[in-house]
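Student: Got a predicted structure plus its sequence, pasted below:
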Amino acid sequence: MKKQLKSKKYSVFEAPSLHDAKMRMKHDTNYLEYKLDDKYKNLGLHKTYMVKTYGCQGNIADSEKIKGIMEDMGYTEVFKEEESDVLFFNTCAIRENAENRIYGELGRLHPLKVNNPSMIIALCGCMPQEEVTVEKIKEKYPQVDIVFGTHNIYQIPKYLYETYDNKHRVVEVYSYEGDIVEGIPLKRDSKTKAWVDIMYGCDEFCTYCIVPYTRGRERSRNEKDIIKEVEDLVKKGYIEVTLLGQNVNAYGKDFKDKKYGFANLLEDLAKTGIPRIRYTTSHPRDLDTETMDVMAKYDNIMPHLHLPVQSCSNEILNKMNRKYTKEMYLEKVEYLRKVIPNISLTTDLIVAFPNESEEDFEETLDLVRKAKFEGAYTFIYSKRKGTPAATYDNQIDPFTAKRRLLTLNKLINDGFAYGNKRFENEVVEVLVEGYSENKEHLLCGYTKNNKLVNFEGSEELIGKLVNVKIIKAFTWHLRGELVD
Ligand code: SAM
Ligand code: SF4
């Protein structure tokens, strides 16, 4: 007979609420300071943990916090599920198939947990911020011991303590607008490239998107804390930072006592001397000329911009609540290309949003040609419970959606190839990341324009900036030769 897990009681400290997540009270942001309570200090001695990360850069950065907190308690990181005493799933809720994948993973772990009941499985990130997820986990996934959301990573020590001490399963998910917690120790994955959160949450409420409900209100970190973090990274020898936020261009809009926006921050960070600065993600409506001018002024702000357009039909953009038109988008692109002629532009696109006609889709193809994107993440619209678009009539059938995605991808791939081709015979600066996954004898790294380059070279170049002459462009990468 199939072995089953013993049922354990729940301590539901707080469950998610879509109603609360939709509220925007506009109260002042609470700035908290992380401190590890003495009683949790050696909780992890002789114990191991592993973090599995899904979704966007925001989740990657959150996982570095989870790892930092775990090591603060004495846990050691491992990279095999069966070797871990605590296993985190830091999840993404942006599309239905991302969620289904997680349920599949949890199902697969059931036997592991049956054989090792002392192992702790924690589900965190965006999925638990949805009411339906928490209900489903409680009903069908007894292998999960701890459920927490995006706002309470700093409470991990408390949840582990509760689980060990009371033998309860713990659920705590806050659905309020969110605080800012400074001082969380980070275990960064790289010694040369760092993610730096500059703000959290999103107030845009695009009608298809779950993020404003899972990540709370837009709230900006104080510029002094961000500048200090980047200065420390410079001292430690880091070469590249990527500034993170769901809409970085809205940085500072929530400050009540000062006028200090994204362009100011970008300029102050450029002055720290960090060799490379990138940022993601931008909202086309909020991208201002001041920001583009600062990008043009400093050599250490990279000539690459990810500027998600989503659709290029004005009617669909309006239904998506994107608050710009195709013309406004093209105007910004034109200005960007005027001040930074060499810039590479990439984007996000959604096909088959409810009501998208063939003409609307043709508009998208038209803008893709005009904007000369050098890459894009393309998605089929996914219905997200609780978002306005989930209730819209005329959802598009899967066959049409797939056909549109394939047509769009063909055009996007042409853009990828064009974006690479323009660097043939040029000498470019590459930040060397390691050995190439597919061609293990070759080193790989990224150019200022964010192009992947493979070339021959020795191990000691890893983590350094080198000059490489591009000898051949392929669709997905460049092949180069090291230049003295
Ligand atoms: N804040 C960023 C922005 O506005 O571009 C990124 C948000 S999200 C993490 C990344 C991308 O997922 C979006 O740009 C959008 O293209 C896509 N996305 C979001 N919700 C979606 C949905 N319901 N169906 C399909 N794609 C979606
Ligand atoms: Fe989602 Fe729109 Fe916010 Fe991006 S800007 S996170 S797509 S609501």
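Tutor: That came through fine. Ligands and ions are numbered 1, 2, ... in the order given.
Student: tell me which parts of the stretch 301-450 of the chain are close to ligand 2?
Tutor: Residues of the stretch 301-450 of the chain found near ligand 2 (CB under 6 Å from any ligand atom): none. C-beta here means a position set from N, CA and C on the backbone, and glycine is covered the same way.
Student: Check the offset of the helix or strand hosting residue 232 from the chain's centre.
Tutor: Following DSSP states H and E, one finds residue 232 within helix 223-235. Going by CA atoms, centre = their mean, to the nearest Å, the spacing between the C-alpha centre of helix 223-235 and its chain's C-alpha centre is 21 Å.
Student: again, but for stretch 244-252
Tutor: Worked out by CA atoms, centre = their mean, stretch 244-252 lies 12 Å from the chain centre.
Student: now do stretch 55-63
Tutor: 5 Å.
Student: which residues are in contact with it?
Tutor: 51, 53, 88, 90-92, 94, 98, 125-126, 150, 153, 189, 195-197, 215, 242, 244, 246, 280 (CB atoms under 8 Å, 6 or more residues apart in numbering).
Student: picking that back up, report the mean per-residue pLDDT for the helix holding residue 232.
Tutor: Mean pLDDT, computed over helix 223-235, is 98.
Student: List the strands paired with the helix or strand that that helix is followed by, with their directions.
Tutor: Using DSSP H and E, the helix or strand that follows helix 223-235 towards the C-terminus is strand 240-244. Paired with strand 240-244 in the same sheet, following DSSP bridges, are strand 193-197 (parallel), strand 276-280 (parallel).
Student: Which positions in the first one come out as buried?
Tutor: Neighbour-count burial for strand 193-197, counted by 16 or more other CB atoms under 10 Å, picks out 193-197.
Student: so which of the strands paired with strand 240-244 comes closest to ligand 1?
Tutor: Ligand 1 sits nearest to strand 276-280 of all the strands paired with strand 240-244, at 8.0 Å, using CB to the nearest ligand atom.
Student: Quick one: distance of stretch 432-445 to the chain centre.
Tutor: Remark: stretch 432-445 is offset 24 Å from the chain centroid, using CA atoms, centre = their mean.
Student: got the contact list for it?
Tutor: 190, 192-193, 430-431, 446, 452-457, 461-466, 477.
Student: Return a ChimeraX selection command for the buried portion of those residues.
Tutor: A single ChimeraX command selects the buried members of these (16+ other CB under 10 Å):
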select :192,193,430,431,446,452,453,454,455,457,461,462,463,465,466,477
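Student: that older thread, need the strands paired with strand 240-244 in TSV with distance to ligand 1, can you?
Tutor: Shown next, in TSV, are the strands paired with strand 240-244 (distance: least, CB to the nearest ligand atom, whole Å):
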stretch	distance to ligand 1
strand 193-197	13
strand 276-280	8
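Student: Serialize those to TSV and add fields for mean pLDDT and distance to ligand 2.
Tutor: Shown next, in TSV, are these (pLDDT from 0 to 100; distance: least, CB to the nearest ligand atom, whole Å):
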stretch	mean pLDDT	distance to ligand 2
strand 193-197	97	14
strand 276-280	98	11
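Student: At which residues are the helices of the stretch 351-484 of the chain located?
Tutor: Ranges of helices within the stretch 351-484 of the chain are 358-371, 398-421, based on DSSP state H, counting those that start in this stretch.
Student: hey, C-alpha coordinates of the shortest one in PDB?
Tutor: Right, the one you point to is helix 358-371. Extracted C-alpha coordinates of helix 358-371, given in PDB (Å, rounded to 0.1, in the frame of the first residue of the first chain):
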ATOM      1  CA  GLU A 358      -6.300  39.800 -36.700                       C
ATOM      2  CA  GLU A 359      -6.000  43.600 -37.400                       C
ATOM      3  CA  ASP A 360      -4.900  44.200 -33.800                       C
ATOM      4  CA  PHE A 361      -2.300  41.500 -34.200                       C
ATOM      5  CA  GLU A 362      -1.100  43.000 -37.500                       C
ATOM      6  CA  GLU A 363      -0.600  46.300 -35.600                       C
ATOM      7  CA  THR A 364       1.700  44.400 -33.200                       C
ATOM      8  CA  LEU A 365       3.700  43.000 -36.100                       C
ATOM      9  CA  ASP A 366       4.000  46.400 -37.700                       C
ATOM     10  CA  LEU A 367       5.400  48.000 -34.500                       C
ATOM     11  CA  VAL A 368       7.800  45.100 -34.000                       C
ATOM     12  CA  ARG A 369       9.300  45.900 -37.400                       C
ATOM     13  CA  LYS A 370       9.400  49.700 -36.800                       C
ATOM     14  CA  ALA A 371      10.900  49.500 -33.300                       C
END
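Student: where does the closest residue to residue 41 other than its chain neighbours land on pLDDT?
Tutor: Closest residue to residue 41 apart from its sequence neighbours, by CB to CB, 6 or more residues apart in numbering: residue 73 at 6.7 Å. If you check residue 73, the pLDDT there is 98.
Student: Residue 73 is in contact with residue 157, isn't it?
Tutor: Yes. Here residue 73 reaches residue 157: they are 5.9 Å apart, a contact under CB atoms under 8 Å.
Student: okay, and the common contacts of these two?
Tutor: 36, 40, 43.
Student: Looking at the residues you listed, which one is closest to residue 143?
Tutor: The shortest gap between residue 143 and any of the shared contacts of residue 73 and residue 157 belongs to residue 43, at 21.3 Å (CB to CB).
Student: what about that closest one, neighbour count?
Tutor: Neighbour count of residue 43, defined by other CB atoms under 10 Å: 19.
Student: so is it in a helix, a strand, or just coil?
Tutor: At residue 43 the chain is in coil, as set by DSSP: H, G, I helix; E, B strand; the rest coil.
Student: Contact partners for it?
Tutor: Counting by CB under 8 Å, 6+ apart, residue 43 touches 73-75, 157, 160-161, 164.
Student: do the same with residue 347
Tutor: Shown in contact with residue 347 (CB under 8 Å, 6+ apart): 306-309, 371, 373, 375-377.
Student: let's go with 7 Å and repeat that
Tutor: For residue 347, the contacting residues are 306-309, 373, 376, by CB atoms under 7 Å, 6 or more residues apart in numbering.
Student: before we move on, what about residue 446?
Tutor: Contacts of residue 446 (CB under 7 Å, 6+ apart): 430-431, 452.
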